[in-house]
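*Asks:* A structural model of the following input is requested.
(chains A and B)
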Amino acid sequence: MAFEFDEEQEMFKESVREFAERKIVPLGLTMEETKEIPQEIKKGMAELGLLACTASPEYGGSGLNAVSAGVIAEELGRADPTGSIPVFYLVQAAWGFLLNKYGTEEAKKEIFPKVVSGDWFLGIATTEADAGSDVVGSSMTIKKVSDGFVVNGEKMYISGVREAATGGGGHVTIAHQTPERGSRGMTVFYFPLTAEGVTPTYISDLGREGISCGGFTADNVKIPSHYIIGEENRGFNIIHEGYEFARALIAVICASSGLKSLENGMNYIKERKTFGIAIGKYEEINFRLAEHYTRLCALRDLGYKALWLIDREQEGKAGRFEVSKGVAMAKMFASDWACDAINDVMQWQGAFGYSRECADQAAWRAVRSFALAEGSREIMKMIVARELLGKDFIAYK
Amino acid sequence: MIIVRFIVCVKQVPDTTEVKVDPKTNTLIREGVPCILNPFDQFALEEAVRLKKEGDEIIVISMGPPQAKKELMKCLALGADEAILLSDRVLAGADTWATSYTLAQAIRKIGDFDIIFCGYQAIDGDTAQVGPELAAQLGIPQITYIESVDELSSRKLTAKSQTDDGYKIVEVRLPVLLTGITPSGFIPRSPPLPNIIKAKQKSFTTWTADDLGGEKDMYGLAGSLTQVIRVYAPPVREKGVMITDEPIIAVEKLMEILIKDKVI
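*Replies:* Here you go, the predicted model:
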């Protein structure tokens, strides 16, 4: 057993950290005002090979495995307190992984070069107003026609709508192709947000302001057959691989964002004095620090274990549900533990911690989203319990 | 066939922005300090990569411990074609003269070359001696404080070299040794991930003192003409005295202090 990255991953880490410290850290909280990731950052990420980094080199990607993708996520998570760039990165890495694995050659040759170069955005859109983690409960439909497919319906709470609708690109989506067959009649496909019949809508989120959030309606939107990902009517079986990739990255991002906040907190409590004593000497504070640090390191380990399991699955050395359980364990408390830590760092900093100038409050709002995004904490518990007790103990069956 | 062969000399150094001096022992606190590619050497390498044309070759060499492989791999990811690490206990403790002798031996072993490119100095030692000494060891011309190479052919180059009061344009026949002065606007590149992956497929070799040949007592501590006796931080200055009165009174007070301390 070796708790270490290989030489190549160490180099990825160093290269991304250099870039992040030079370009991302100086942005501070400006994206909260500008509501977008600067073009220069997207271009820099593209030049480094970070966008859709899981795509194979023949499509212009870096061909990274899950653990290596996690190394990058960790660095971006610590560099951007607003959480915008980590989200921009993680959805493209995770859903790029799915498209790379199950997409058609024609789609991959068309989509990846534009995503990898930063011209297009590749997102995920499965949530609807009345259906989130319950994917089968969604109402979007896809129908086969003579020269392709027609999509109808609505998606909501989707990251990167503006990026794809205005800059180009689209989202990996799932819809009912054979509704009467439930989960066995759903199809996954790439849905371009620039297609005729698509109307984007926008929502103001609590955090992660640098990347847009919104939804879209699809009114008889025509897509070509080569946009279908995997087999028709068998999308439910593969969509979870994309979710799980994203969930494992989220665990690592929550850990690194929380650990970065603890660093901020440590710098503060060593200097700040009350009654002539550095507040870091009070056990009320330093015991909390020790607890948070331990929990976040455990979270980081769980996250990397989950990513490692995903890589093992690709090598045929781990089972589907073994991966699901490992990933769910990693994501279950990712947001809660990171939020708890950051919340205490805000408390240590007194009134400043509650001001808009404090980076930690932005980090708190960003990581709070991950108790919901890409599968809620409750769903994570359901998955772990299912794997421990068996499918007979699933409440909804 | 190689048209122009560049040899770039690089060094792994502690990140001096992280290094502190222990005020009690006067030694560098290296614990937990990350090592980096000497930034001046990265400029030299990037300038070589910029100049490289099809058929040219860039070899990077470094003398250091086995851990210095990390920085050489970064050089390969930044565009070098081949990396050679000179690593042996015999080489340890070398001053600038012994270092330049070691590098010269390695370059003789490589064989033909056209341009040797060094950073202006390493950020840990700040001597700026290894480049010029290496040119002396090899008996080739050198141009120091190079800001840019403006023209390059297989036989000669023209470079812009900084001076105290401006710059000079120097034309020289190859082979030549250049030391680069990093321009203020230089932003070091971070190697792209696909290049890091490709770096593994490039040639990386380690040479020991036996591989280099030469005279053993010219290497490492034994071959060093200088020795570092002590490294220490300047003593911490005591807090100064502030005189904030009106000028006439302030001058009187200042005079009193200077007379009392027998300065005047």
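
*Asks:* phi, psi of the nearest residue to B:L178 once chain neighbours are set aside?
*Replies:* In space, and not counting its chain neighbours, B:L178 is closest to B:I146: 4.8 Å by Cβ to Cβ, 6 or more residues apart in numbering or on different chains. Using the backbone N, CA and C atoms, a C-beta is placed for each residue, glycine as well. Main-chain torsions, B:I146, degrees, to the nearest 10: phi -70, psi 130.

*Asks:* Also the one 5 residues further on?
*Replies:* Backbone dihedrals for B:E151, given as degrees, to the nearest 10, come out at phi -140, psi 140.

*Asks:* same thing with B:I116?
*Replies:* Here is the backbone geometry of B:I116 (degrees, to the nearest 10): phi -100, psi 130.

*Asks:* how much space between the residue of the stretch 1-150 of chain A found nearest chain B and A:E8?
*Replies:* Residue of the stretch 1-150 of chain A nearest chain B, by Cβ to the nearest Cβ: A:G49 (3.7 Å). From A:G49 across to A:E8, the span is 13 Å (Cβ to Cβ, to the nearest Å).

*Asks:* Have a look at those two and say which one is more surrounded.
*Replies:* Each of A:G49 and A:E8 has its neighbours counted (other Cβ atoms under 10 Å in any protein chain shown); A:G49 has more, 27 against 18.

*Asks:* shouldn't B:V33 be in contact with B:V13?
*Replies:* No. Applying Cβ atoms under 8 Å, one finds B:V33 not in contact with B:V13, separated by 10.1 Å.

*Asks:* mind listing what the residue of the stretch 1-150 of chain A closest to chain B touches?
*Replies:* A:G61, A:S62, A:V116, B:P192, B:L193, B:P194 (Cβ atoms under 8 Å, 6 or more residues apart in numbering or on different chains).

*Asks:* now these in a markdown table, with neighbour count?
*Replies:* Listed next are the contacts of A:G49 as a markdown table, based on neighbours: other Cβ atoms under 10 Å in any protein chain shown:
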| residue | neighbour count |
| --- | --- |
| A:G61 | 25 |
| A:S62 | 26 |
| A:V116 | 25 |
| B:P192 | 19 |
| B:L193 | 25 |
| B:P194 | 19 |
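
*Asks:* okay if I get these as TSV plus secondary structure, pLDDT and distance to B:S224?
*Replies:* Converted to TSV, the contacts of A:G49 look like this (DSSP: H, G, I helix; E, B strand; the rest coil; pLDDT from 0 to 100; distance: Cβ to Cβ, whole Å):
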residue	secondary structure	pLDDT	distance to B:S224
A:G61	coil	96	49
A:S62	coil	96	44
A:V116	helix	98	50
B:P192	coil	96	39
B:L193	helix	96	40
B:P194	helix	95	42
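
*Asks:* before we move on, the earlier item: the residue nearest to B:L178 touches B:L157, doesn't it?
*Replies:* No. Applying Cβ under 8 Å as the test, B:I146 and B:L157 come out as separate, 9.8 Å apart.

*Asks:* where's the nearest residue to A:D80 once chain neighbours are set aside relative to A:S15, distance?
*Replies:* Leaving aside its chain neighbours, A:D80 sits nearest to A:I24 (5.4 Å; criterion: Cβ to Cβ, 6+ apart). Note on A:I24: its distance to A:S15, by Cβ to Cβ, is 13 Å.

*Asks:* helices and strands of chain B: which one bottoms out on pLDDT?
*Replies:* Least confident element among the helices and strands of chain B, by mean pLDDT, DSSP states H and E: strand B:28-29 (a mean of 68).

*Asks:* show me the contacts for A:S369.
*Replies:* Residues near A:S369 by Cβ under 8 Å, 6+ apart: A:G83, A:D205, A:L206, A:G207, A:R208, A:S335.

*Asks:* My error: substitute B:D126 in the last question.
*Replies:* B:D126 touches nothing, counting by Cβ under 8 Å, 6+ apart.

*Asks:* Quick check: which element contains it?
*Replies:* In the assignment (DSSP states H and E), B:D126 maps to no helix and no strand.

*Asks:* what does B:L157 give?
*Replies:* In this structure, B:L157 sits in strand B:156-163 according to DSSP H and E.

*Asks:* same check, this time on A:A318
*Replies:* Counting by DSSP H and E, no helix or strand carries A:A318.

*Asks:* what do you get for A:E209?
*Replies:* With DSSP H and E as criterion, A:E209 is part of no helix or strand.

*Asks:* show me the contacts for it.
*Replies:* Neighbouring residues of A:E209 by Cβ under 8 Å, 6+ apart: A:M31, A:E32, A:K35, A:T82, A:S84.

*Asks:* ok, now A:K305?
*Replies:* Contacts of A:K305 (Cβ under 8 Å, 6+ apart): A:G326, A:A330.

*Asks:* Is it part of a helix or strand, or is it coil?
*Replies:* Secondary structure for A:K305, judged by DSSP: H, G, I helix; E, B strand; the rest coil, is helix.

*Asks:* got a pLDDT number for it?
*Replies:* A:K305 is assigned 98 on the pLDDT scale.

*Asks:* Distance of it relative to B:T16?
*Replies:* A:K305 sits 36 Å away from B:T16, going by Cβ to Cβ.

*Asks:* Same check on A:G390?
*Replies:* For A:G390, the distance to B:T16 equals 59 Å [Cβ to Cβ].

*Asks:* go on, B:A77?
*Replies:* 23 Å.
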